[in-house]
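Asks: Give me coordinates for this.
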Amino acid sequence: MRVFAVDPTNPDPETIADAAARLRVGELVAFPTETVYGLGANALDAAAVERIYAAKGRPSYNPVIVHVPHTDAARRVVTSWPQSAAKLAAAFWPGPLTLVLPKSSDIPDAVSAGLPLIGVRVPAHPIALALLRAARVPVAAPSANKSNQLSPTMAEHVVRGLADVDGVILDGGPCAVGIESTVIDLSGDVPMLLRPGGVSIAALESVLGVRLQRAASIGLADAARRSPGALDRHYAPRARVRMVAAGDAVALATTIDALRSDGVRIGLLAYSDFDLPFGEDVVVRMLPTRAESYASALFAALHELDDAGVSAIVVETVPDIPIWDAVRDRLKRAAG
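Replies: Predicted coordinates for the structure are as follows:
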């Protein structure tokens, strides 16, 4: 993939126009959002969407989210716009929130894994918005990485993961939120959480005035999912992930010792000050203690540990409180 640097504060019109033209004729364009980098294709072009699946090695039962530049464009790709959608869009768009609604007949089944529903959102990134406005078509865009692997939060992650893919990358620097959008299903009588993400559940419930249902199971085996990010193993580094209880220095030392063998390097992702003599075979990455800051740094830190050649990554568990739901979900699936 060819890389074009784009200043997020002043996206170059010619570069954006070129990328938009590529989308309209069915080519793939990777671009930054506030969550992660997406691999985009014209959502009205089934063949173009199929190129996303082929590039990622993505299973056909895992749908992709449609990105649009504003609420009016979102309403054109769905057949229903309930009051709950209007409230959430007004409160959180542009932003890391995806709404699942009945899809328009203009959207091919390749986007929705054959289901009559699609996820749609308005991203909060100046490059993404400029591209979507210039493209003049809705853009289907899952994360720009091979299926089930670590999501990319920098253009270099996309380059390494999709080096063999024919397309272009708009490099807008690191993503601010760092984890994927929250996904809410509004197709039923009660709003349902399908994936925790960049907008907290408390904030959503405050706007809606109701408690969200939680989806116990989005799908089994190769059944179509209503939301991306629903596979048991997802967002995973190459190294296997082991979890240890927060602040438990004894458990941490025991786990690292059990993983040690000649010539093997071990990664550690933590936020507590363990003050232990880990040794040169342990590559440590310390993350912030605030949930939002931790989320922003998580995927980049896991990419760094993979690049360091570790065979296993020991991760300190995060607090079991709602503000950490999205991070806890990503870590659980990474260890799955």
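Asks: CA only for contacts and neighbour counts going forward, please
Replies: OK.
Asks: Point out where this structure drops to low pLDDT.
Replies: For the chain, the stretches with pLDDT under 70 are 217-234.
Asks: Name the single longest helix found in it.
Replies: helix 291-307 (DSSP state H).
Asks: what comes up buried for that helix?
Replies: 291-292, 294-306 (16 or more other CA atoms under 10 Å).
Asks: how near is the spatially most distant residue from the centre of the chain to V36?
Replies: Ranked by distance from the centre of the chain (CA atoms, centre = their mean), the top residue is D262, with 35.5 Å. Using CA to CA, to the nearest Å, D262 is found at 36 Å from V36.
Asks: Surely H70 and A124 touch.
Replies: No - between H70 and A124 there is no contact, the gap being 10.3 Å when judged by CA atoms under 8 Å.
Asks: Neighbour count for these two, which is higher?
Replies: Ranked by neighbour count (other CA atoms under 10 Å), H70 and A124 place A124 first, with 20 against 17.
Asks: secondary structure class for that one?
Replies: coil (DSSP: H, G, I helix; E, B strand; the rest coil).
Asks: isn't it right up against P32?
Replies: No - distance between A124 and P32: 9.9 Å, which falls outside the contact criterion (CA under 8 Å).
Asks: From the rest of the structure, what touches stretch 182-199?
Replies: 35, 82, 84-85, 92, 96-102, 117, 119, 177, 179-181, 200, 212-215, 218, 226-227, 229-230, 325-327, 329 (CA atoms under 8 Å, 6 or more residues apart in numbering).
Asks: Kindly report the same for stretch 322-336.
Replies: 179, 195-198, 200-202, 231-237, 240-243, 291, 294-295, 317-318, 320.
Asks: which stretches of the stretch 101-250 of the chain form strands?
Replies: 117-121, 139-140, 167-171, 182-185, 192-195, 213-214, 240-244 (DSSP state E, counting those that start in this stretch).
Asks: and P59, how far is that from E50?
Replies: 11 Å.
Asks: what's the answer for L101, then?
Replies: In terms of CA to CA, L101 sits 22 Å off from E50.
Asks: These two - which one has more neighbours?
Replies: Between L101 and E50, L101 has the larger neighbour count (other CA under 10 Å), namely 25 against 15.
Asks: List the residues that contact the more buried one.
Replies: L101 sits next to 78-81, 117-120, 185-187 when contact means CA under 8 Å, 6+ apart.
Asks: how many neighbours does the residue lying closest to A215 once chain neighbours are set aside have?
Replies: Leaving aside its sequence neighbours, A215 sits nearest to L194 (CA to CA, 6 or more residues apart in numbering; 5.8 Å). When neighbours are defined as other CA under 10 Å, L194 has 26 of them.
Asks: ok, L194 to Q83 distance?
Replies: Going from L194 to Q83 by CA to CA gives 19 Å.
Asks: Same check on R2?
Replies: Distance from R2 to Q83, by CA to CA: 42 Å.
Asks: How about P11?
Replies: Counting by CA to CA, the separation of P11 from Q83 is 34 Å.
Asks: Which of these two has more residues huddled nearby?
Replies: For P11 versus Q83, neighbours defined as other CA under 10 Å are more numerous around P11 (18 against 11).
Asks: Name the helix or strand for that one, please.
Replies: Following DSSP states H and E, one finds P11 outside all helices and strands.
Asks: surely it meets L129?
Replies: No - using CA under 8 Å, P11 makes no contact with L129, being 10.1 Å away.
Asks: could you dump the strands of the stretch 101-250 of the chain to TSV with distance to T254?
Replies: Below are the strands of the stretch 101-250 of the chain laid out as TSV (distance: least, CA to CA, whole Å):
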stretch	distance to T254
strand 117-121	43
strand 139-140	45
strand 167-171	41
strand 182-185	36
strand 192-195	33
strand 213-214	35
strand 240-244	10
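Asks: looking at these, which is closest to T255?
Replies: Closest approach to T255 among the strands of the stretch 101-250 of the chain (CA to CA): strand 240-244, 7.8 Å.
Asks: returning to what we had before: A helix includes the residue farthest from the centre of the chain, no?
Replies: No - read with three-state DSSP, D262 is coil and lies in no helix.
Asks: Quick check: it vs V244, distance?
Replies: 23 Å.
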